[in-house]
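Asker: Here's my sequence, what's the structure:
(4 chains)
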There are 2 protein chains.
Amino acid sequence: MRRNSFRDIRTELERRISRRVWEPGETMPGEEALAAEFGAARATVNRALQELARSGLIERKRKSGTRVALHPVREARFAIPVVRAEIEASGSAYEYRLLHRDKENAPGWLRERLGLDAGARTLHVRCLHLADGRPYQYEDRWINLAAVPAAGSEDFETASPNEWLVANAPFSRAQYSFGAARADPEEAQALRLDAGEAVLGNH
Amino acid sequence: MRRNSFRDIRTELERRISRRVWEPGETMPGEEALAAEFGAARATVNRALQELARSGLIERKRKSGTRVALHPVREARFAIPVVRAEIEASGSAYEYRLLHRDKENAPGWLRERLGLDAGARTLHVRCLHLADGRPYQYEDRWINLAAVPAAGSEDFETASPNEWLVANAPFSRAQYSFGAARADPEEAQALRLDAGEAVLGNH
DNA sequence: GAGGCTATTATGTATAGACATAATGAGTCA
DNA sequence: TGACTCATTATGTCTATACATAATAGCCTC
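Answerer: Okay, here's the model as predicted:
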């Protein structure tokens, strides 16, 4: 008979939390007590609890104990997509087309967004990702050359900045924002859409 | 002198990976070897490696070993928004207006999306969130009454389904998807936009 | 050489025991 | 009262050991 694994314990605790065995904000039993109940070592219970804490379901503090989070799961995760992988995973043929690549001074709106000085050098790349020959995503990217100097010597003829950056500039802190807008003429042409059609953007 | 903790080990391994001490795709030393190098127990190295694997920087497979991920799928987190908190945090006055609330049979497109049987009962709620009296977000929500029966007895006169669900139906597995679309006449009217304007949606 | 069995190996997980650390609260002293 | 010290306590982490499990490689058989 299989012993209680940390997964089993985690699952059972999740169940109890969702069934309100312990109310949100309420302190739940300590590691020792749970270990005794499940017939497992404290380290095993600890692992289960750590995972629950990481996912935001519970909050833990030394000495005061573990309590069910008042505002459960306020965070979710999403994978930063690599377009090529996305397209290939769907079984379509991936094609990449470089439209534009030039070193340019950062325009005002960009300097403000990134907190750059006037005259900051950037690499401006526009390219298109196609799935089965049909436009799939239009990439219009500005790379701060001060932050990623190595990008200046990339030609981006065969790999997109998106993919190159993910592979070559591992970042740990990043900020993404999304929004919807009507396609401007340039975007519409690249994606073969009617101008004014709605597009999802990542700024 | 502080011993090497799993954090130190994780950090050092991250550094090596970003400095290409091991190339992407290359097999890196096993747990035993790393434990010997860092003067730590294998369990400690294991914990560091598990976290790196979870964040997508490395890939691990029994027997074949640990290798640096070829396409580091980095994950990001986002907060599941509670509209009221969002608006209040920005210093605006929050206002909530219920537009529609009715128990309805799930339409076909919804049944397909959620994998429901024909005739499944759902609660359909439409409401509007306003900031300083101006439309901010339009919420058009279908709740599966089989999954959250308690929602059926909520009137949603003062709290939105969004908020109620986050507080009362803690979920650990969830799927969100986002998209852009042109506002349909109903959405446009609620948000006081021109029909056809681009809106960001959460499906 | 195809198919299947087996040994090997690296990771995965569990354990008991130990010490570390943070937070709390009680007791002490000015 | 207020500040400080210190014991207490729950979680945090590390270790050594053991066994489990998946995947590979090599061997054997037909």
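
Asker: CA atoms for contacts and neighbours, from now on please.
Answerer: OK.

Asker: Where do the domain boundaries of chain A fall?
Answerer: For chain A, automatic domain parsing gives the domain ranges A:6-68, A:83-170+A:177-202.

Asker: Of all these, which one comes closest to residue B:91?
Answerer: domain A:83-170+A:177-202 (20.8 Å; Cα to Cα).

Asker: Now do the closest one: distance from first to last residue.
Answerer: Its start and end residues considered, domain A:83-170+A:177-202 measures 13 Å (Cα to Cα, to the nearest Å).

Asker: got it, and stretch A:17-36?
Answerer: Where stretch A:17-36 begins and where it ends lie 19 Å apart, using Cα to Cα.

Asker: Can that stretch be said to contact chain B?
Answerer: Yes - against chain B, stretch A:17-36 shows contacts by Cα under 8 Å from any Cα of the partner chain at residue A:18.

Asker: In that stretch, which residues are buried?
Answerer: Neighbour counts over stretch A:17-36 (16 or more other Cα atoms under 10 Å in any protein chain shown) mark A:17-18, A:22-24, A:27-28, A:30-31, A:34-35 as buried.

Asker: Does that stretch reach DNA strand D?
Answerer: Yes - judged by Cα under 7 Å from any atom of the strand, stretch A:17-36 comes into contact with DNA strand D at A:29-32.

Asker: Can you add secondary structure and distance to residue B:81 and give those residues back as CSV?
Answerer: Converted to CSV, the residues of stretch A:17-36 next to DNA strand D look like this (DSSP: H, G, I helix; E, B strand; the rest coil; distance: Cα to Cα, whole Å):
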residue, secondary structure, distance to residue B:81
A:29, coil, 30
A:30, coil, 31
A:31, helix, 32
A:32, helix, 36
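
Asker: Write out the residues of chain A neighbouring DNA strand D.
Answerer: With Cα under 7 Å from any atom of the strand as the criterion, chain A meets DNA strand D at residues A:29-32, A:43, A:46, A:49-50, A:60-66.

Asker: ok, back up a step: most widely separated two among the buried residues of stretch A:17-36?
Answerer: Using Cα to Cα, the buried residues of stretch A:17-36 span at most 21.6 Å, a distance reached by A:24 and A:35.

Asker: rewinding a little: out of the residues of chain A next to DNA strand D, which are buried?
Answerer: Buried by 16+ other Cα under 10 Å: A:30-31, A:46, A:49-50, A:60, A:66, out of those.

Asker: ok so, going back, nearest to residue A:198, of the residues of chain A next to DNA strand D?
Answerer: Closest approach between the residues of chain A next to DNA strand D and residue A:198, by Cα to Cα: residue A:50, at 42.3 Å.

Asker: Contact partners for the closest one?
Answerer: Under the criterion of Cα atoms under 8 Å, 6 or more residues apart in numbering or on different chains, residue A:50 has no neighbours.

Asker: Within its sheet, name the partner strands of the helix or strand of chain A with the lowest mean pLDDT and how each one runs.
Answerer: Between all helices and strands in chain A, the lowest mean by mean pLDDT, DSSP states H and E belongs to strand A:75-79, at a mean of 73. In the sheet, strand A:75-79 lines up against strand B:75-79 (antiparallel) (DSSP bridges).
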